[in-house]
Structure formats: structure tokens, C-alpha cells
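1. only the shape, not the letters, is given here:
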């Protein structure tokens, strides 16, 4: 069984928002709702200034704090490591939203269901890449099986010494090159 994950190379990201827009379209999200948020960090002193753009979304934590606080077990982790929400079980209590250290969840204002990145589980089941990966114009995103040492994502994580965004918060399935 695969254990899916992603690597995002912030050095390649140009901030075009193609990943965000494709995610919104794939998940039929309203314009004001997104599973991907962008942050910019400016470092250095003029004239040697560097601007880093990085995308943050659900990190699909190994020991997901959102899952452990869910009173109805609506949040769960699949066998292949994808953290999902069962909309039939979600009561909209927002405990998971509070527990998420990445603030990667949003609530559907019509249904009350809490939503988040699903790694485009339906596309992945068809053998395709998540929408954010397939539309990235700068190939800053790589997706695949973290347990397969020969997968493109595993090789890239090692090659570029990619790390989780916040190592102090535990293991995640999204790695960043910064």
C-alpha cells in the first residue's frame, strides 16, 4: 500500500496561484474559499533582498491532531496516509479547525461541514496527479509514494534535503525545499 506525500520546492514557485485555482476548480470551491494559502517571506537587506513564496495546505500529518480531537471520528486517515473528512459524520463543531497547527481547514457555510485538502483522492485513485501538481507551471510540486524509495518524490526529498514545514510539530506528508 502506498503512503502518499508531496514535495514543494519554494525556490521554483513563482506565485502564479495555478495550484490554488486548479484546487478550487477540482473541489468546486467558491472563489473566497481555498485549501491552499500563500505566504511570502522577505529576507535580506537592500539591495540583496530575497522573496520566498510558499504554499501551505493540509500537511496530512502522520499523527493528525485534527483526527484525535474529532468527537464523531469524521476526520480519519486512510491506509495510504491521506487525512480525510467524512461529511456524513461531521457535525461542524470546529474542534479540528482549532487543533490544526497549519490552519488548513475551512468550513462550508451552507452545510457546516469542515473541509480541507484531500490530495485529490479521486484523481489519485484513477492513477492521476492531484490538480495542484498537474497544473504547476514551474514543476515546484512532486507527488507520489513516500514509501517507495524509487518514486520521484522520495528521490527528490533526499536529493534536495526537503523537510516538513514545521519539524517541531511532528511528521507530515508534505516536504519543503527552502
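-> Looks like it arrived, so ask away. As the structure is a computational prediction, the values presented were derived from the model and not from experiment. Numbers count the residues shown, from 1 in each chain.

2. which residue ranges of this structure form strands?
-> With DSSP state E as the criterion, the chain has strands at 4-9, 37-45, 48-56, 75-77, 83-85, 106-107, 114-115, 141-145, 163-164, 174-177.

3. just the buried residues of the fourth one, please?
-> Which is strand 75-77. Burial within strand 75-77, assessed by neighbour count using 16 or more other Cβ atoms under 10 Å, is assigned to 75, 77. In short, each C-beta sits where N, CA and C put it, glycine included.

4. that strand pairs with which strands?
-> Looking at strand 75-77 with DSSP bridges, its partner strands are strand 83-85 (antiparallel).

5. list the contacts of the strand it pairs with.
-> Outside of strand 83-85, the residues within contact range by Cβ atoms under 8 Å, 6 or more residues apart in numbering are 58, 60-61, 64, 66-67, 74-78, 96, 113-116, 118, 121.

6. please indicate which of the residues you listed are buried?
-> When the contacts of strand 83-85 are checked for burial by 16+ other Cβ under 10 Å, the buried set is 58, 60-61, 64, 66-67, 74-75, 77, 96, 113-116, 118.

7. neighbouring contacts of stretch 132-150?
-> 2-14, 16, 18-23, 36, 55, 57, 81, 119-120, 124, 128-130, 151-157, 173.

8. ok, which stretches of the protein are helices?
-> Secondary structure of the chain by DSSP state H: the helices cover 18-26, 65-69, 95-99, 121-125, 131-134, 152-159.

9. among those helices, show me which one is buried the most.
-> Each of these was scored by mean neighbour count; the highest is helix 131-134, a mean of 22, by mean count of other Cβ atoms under 10 Å.

10. any idea of the mean pLDDT in it?
-> Averaged across helix 131-134, the pLDDT comes to 98.
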